[in-house]
Each structure stands twice: as structure tokens, then as C-alpha cells.
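# Below is the structure, and that's it, no one-letter string:
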């Protein structure tokens, strides 16, 4: 967590980020941070699934982080889902896809 508090997949207003030790290697520590974020993302999908929301199918990654091959591969592995990377993964693309999704006006 970058600041105090968590809202999803659970409400914990006093939650704070933490590290359990260090590898002594900045690259390994950064990889561990990314793994933590990926597993939190999986926890969110698992929670949505528990609530009955559809969570199957391909995932499309957008935004600046979608340009990181490592980050996209890690997330796909942790989530166990096929991933689509658009040719132009600008954040606005993700917003446009959501706005045009079925059931929206």
C-alpha cells in the first residue's frame, strides 16, 4: 500500500504496507513488490468470483505498465489467464473499453 487504508477486496482503513526483510538486491526487492501486487490482484479476482461475478476470459492490459514485458507476464502467470496486449495500450483505451461495455448507455 502506498498510503494508509485499503478498500478492495476488503475494507481496512488502518491497513499499511510493509516489507518482511530484504534480499539486499534492489532488482529482487522490486520483483518481490510486483509479485505482491499481482497476488493482491488475484485475491481481488477470487473475491469477485466468490460474489458470483464473471471472471473468465481474456484480460486486456492497458496503461504505462502494459509496456513492461516482465510485469505483463508475471500478472498473466499469477492470474492464470490469457492476456491481450493492444498495439497502443494507453490508459484512455481501458476507459473507452469500459465505457463501451455491454449494459452501458
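Arrived safely, thanks for sending. Computed from a predicted model, the values in this text were never measured in an experiment. Residues are numbered from 1 along each chain as shown.

# ok, the residue positioned nearest the centre of the chain to residue 17 distance?
By CA atoms, centre = their mean, the chain has its centre lying nearest to residue 41, at 4.4 Å. Residue 41 sits at a distance of 15 Å from residue 17 (criterion: CB to CB, to the nearest Å). Just so you know, the C-beta spots here come from the backbone N, C-alpha and C atoms, and that holds for glycine as well.

# where in the protein is pLDDT low?
Within the chain, the segments meeting pLDDT under 70 span 1-2, 104-105.

# where along it do the strands fall?
Under the criterion DSSP state E, the chain contains strands at 59-60, 83-84.

# now, of those strands, which is deepest in the fold?
The highest mean neighbour count among the strands of the chain, using mean count of other CB atoms under 10 Å, belongs to strand 59-60: a mean of 15.

# show me the contacts for the nearest residue to residue 62 once chain neighbours are set aside.
Using CB to CB, 6 or more residues apart in numbering and skipping the chain neighbours, the partner closest in space to residue 62 is residue 94 (3.7 Å). Contacts for residue 94 (CB atoms under 8 Å, 6 or more residues apart in numbering) come out as 60, 62, 63.

# how does it look with 10 Å?
60, 61, 62, 63, 66, 86 (CB atoms under 10 Å, 6 or more residues apart in numbering).

# who wins for neighbours among those residues?
Within the contacts of residue 94, most neighbours by other CB atoms under 10 Å means residue 66, with 21 neighbours.
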